[in-house]
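1. sequence plus the predicted model coming up.
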Amino acid sequence: MDAAADGGGALRPVVLDAMGGDHGPAVTVPGALAAHREHGVPVVLAGRADEVEHELRRHGGAGEVEVLHADEVVPMAERGAGAAARRKSSLMIGCAAARRRGGSFVSAGSTGAVVTCAVRAFARRKGVLRPALAVALPTMAGSTVLVDAGGTSDPTPEMLAQFALLGAAYARNVLGARDPSVGLLSIGAEPGKGNRLARGAARLLPGLPVRFHGNVEGHDVLAGTVDVVVTDGFTGNVVLKNIEGCVRTTLDMVARAGIAPPARLAEVARLYTADTHGGAALLGLTGTVVVAHGSSGPTAIARACAVASELGEADEPLPVGDRASVGPVA
């Protein structure tokens, strides 16, 4: 759906890192224009003004969206603190602008860099130890939220427990699940299975205000077994990219075998592309941040901006606030 207006009829701005991603302004600028023209999203582009404005003219959009000049570009290889040190980068300037204006922020840059800069600019919600990336994956039963999809690679059991709270809030407020069930990704469905991290989180989750299903396995992620699948960011990112690769390979095999018409296969493929889901929502911050895939094209960037606008206009907060407090594992 298109972005919704707030009570005064005006949409909050979406600040887009124009230099982020594998292709920079060549992709982000037409994506921003599409978001503005097709979804009515007020996009602000943060980046090197000469490069951004050149692309705007090339796409017939000179003066159509606001441009914030930023001298520096955070390389895609940058992973953390080094990104926050580049205070004149499109990432830092974009995050700061989104915070000041009460808007949302979108970037297709390095996930680690985006997370670091977003935490620095917006800060975590009260009680939240670490933010987490949430992606809604289509299933036969509707959608399942995968969290964390790459925000925190080495969390503690307490952090995983918080991810469950954040993911359940996302499923409830954004996807409309009334009483979302939560599963902990492990190597077996039986209690006690998993590594130290999973076993520690499993001891905490039954005591939290979520409907804890118990352990789930890899084949449950797309089966609709639960509404929320919780895991660490390292495993979650591997799972997400494995799903994307498996879908592409399977559909290619089906197409080569002539089992189904290409047009029908393309419909299925689109369910799992960035053009449809836009990106991952970074939960647990005081502002709305969406991290798009680094290889995103203009359509995916436009969708990420639309998603960020929708999340920013949500009536209920996504994070869990004071309920995020989780005691240590015994």
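-> Received it, and whenever you're ready, just let me know what you need.

2. what ranges do the helices span in the stretch 101-250 of the chain?
-> 111-122, 157-173, 196-204, 233-257 (DSSP state H, counting those that start in this stretch).

3. how about those helices in CSV, adding mean pLDDT, mean neighbour count and distance to L283?
-> The C-beta positions use only the backbone N, C-alpha and C, and glycine is treated the same way. Listed next are the helices of the stretch 101-250 of the chain as CSV, based on pLDDT from 0 to 100; neighbours: other C-beta atoms under 10 Å; distance: least, C-beta to C-beta, whole Å:
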stretch, mean pLDDT, mean neighbour count, distance to L283
helix 111-122, 91, 24, 11
helix 157-173, 93, 25, 4
helix 196-204, 96, 19, 17
helix 233-257, 90, 15, 12
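
4. what's the closest of those to A136?
-> Ranking the helices of the stretch 101-250 of the chain by distance to A136, with C-beta to C-beta as the measure, places helix 157-173 first at 8.0 Å.

5. what packs against that closest one?
-> Counting contacts by 3 or more C-beta pairs under 8 Å, 6 or more residues apart in numbering; DSSP states H and E, helix 157-173 packs against strand 132-139, strand 142-147, strand 181-185, helix 196-204, strand 228-230, strand 280-283.

6. what do you get if the cut-off is 6 Å, keeping everything else the same?
-> strand 132-139, strand 142-147, helix 196-204, strand 228-230 (3 or more C-beta pairs under 6 Å, 6 or more residues apart in numbering; DSSP states H and E).

7. redo these as a markdown table? Include distance to H54.
-> Shown next, in a markdown table, are those (distance: least, C-beta to C-beta, whole Å):
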| stretch | distance to H54 |
| --- | --- |
| strand 132-139 | 32 |
| strand 142-147 | 38 |
| helix 196-204 | 48 |
| strand 228-230 | 43 |
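
8. so which of the ones you listed gets nearest P157?
-> helix 196-204 (3.1 Å).

9. next, the angle from the closest one to helix 157-173.
-> 60 degrees (axes from the mean of the first three to the mean of the last three C-alpha atoms, to 10 degrees).

10. residue contacts, the residue nearest to E51 when sequence neighbours are not counted?
-> Distances taken as C-beta to C-beta, 6 or more residues apart in numbering put P25 closest to E51, at 5.0 Å, once the chain neighbours are dropped. By C-beta atoms under 6 Å, 6 or more residues apart in numbering, the residues touching P25 are A18, E51, V52, E55.

11. same check, this time on T231
-> With C-beta under 6 Å, 6+ apart, T231 has these contacts: L185.

12. specify the beta-bridge partners of T144.
-> Note on T144: beta-bridge partners by DSSP bridges are L137.

13. low-confidence ranges in the protein?
-> Applying pLDDT under 70 to the chain flags the ranges 1-10, 273-277, 313-330.

14. select, out of the helices of the stretch 101-250 of the chain, the one closest to A292.
-> Per C-beta to C-beta, nearest to A292 of the helices of the stretch 101-250 of the chain: helix 111-122, 9.1 Å.

15. which residues sit against the closest one?
-> 74, 78-80, 83-84, 91-92, 95-96, 99, 107, 150-151, 282, 285-287, 289, 291.

16. repeat for stretch 142-152
-> Residues outside stretch 142-152 that contact it (C-beta under 6 Å, 6+ apart): 111, 115, 130-137, 163, 167, 170-171, 175, 228-230, 233, 236-237, 240, 280.

17. now it: buried residues?
-> Buried residues in stretch 142-152, counted by 16 or more other C-beta atoms under 10 Å: S143, T144, V145, L146, V147, D148, A149, G150, G151, T152.

18. quick one: distance of that stretch to the chain centre.
-> Put simply, stretch 142-152 sits 8 Å off its chain's centre (C-alpha atoms, centre = their mean, to the nearest Å).

19. tell me who's in contact with the most centrally placed residue in the chain.
-> Centroid check for the chain by C-alpha atoms, centre = their mean gives A280 as the closest residue, at 1.2 Å. Applying C-beta under 6 Å, 6+ apart to A280 gives the contacts L133, V135, A149, V291.

20. so what's the residue count around the nearest residue to it once chain neighbours are set aside?
-> Spatial nearest neighbour of A280, excluding adjacent residues (C-beta to C-beta, 6+ apart): L133 at 4.0 Å. By the criterion of other C-beta atoms under 10 Å, L133 has 29 neighbours.

21. L133: what's it in contact with?
-> L133 touches D148, A149, G150, G151, A280, L282, counting by C-beta under 6 Å, 6+ apart.

22. of those, closest to G188?
-> D148 (20.6 Å).

23. so after the helix or strand encompassing R37, what's the next helix or strand?
-> Taking DSSP states H and E as the criterion, R37 maps to helix 25-39. Downstream of helix 25-39, the next assigned helix or strand under DSSP H and E is strand 43-47.

24. what is that following strand packed up against?
-> strand 14-17, helix 25-39, strand 66-69, helix 90-101.

25. distance to R124 for the contacts of L133 - can I get that in a markdown table?
-> Written out in a markdown table, the entries for the contacts of L133 read as follows (distance: C-beta to C-beta, whole Å):
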| residue | distance to R124 |
| --- | --- |
| D148 | 14 |
| A149 | 18 |
| G150 | 17 |
| G151 | 11 |
| A280 | 17 |
| L282 | 11 |
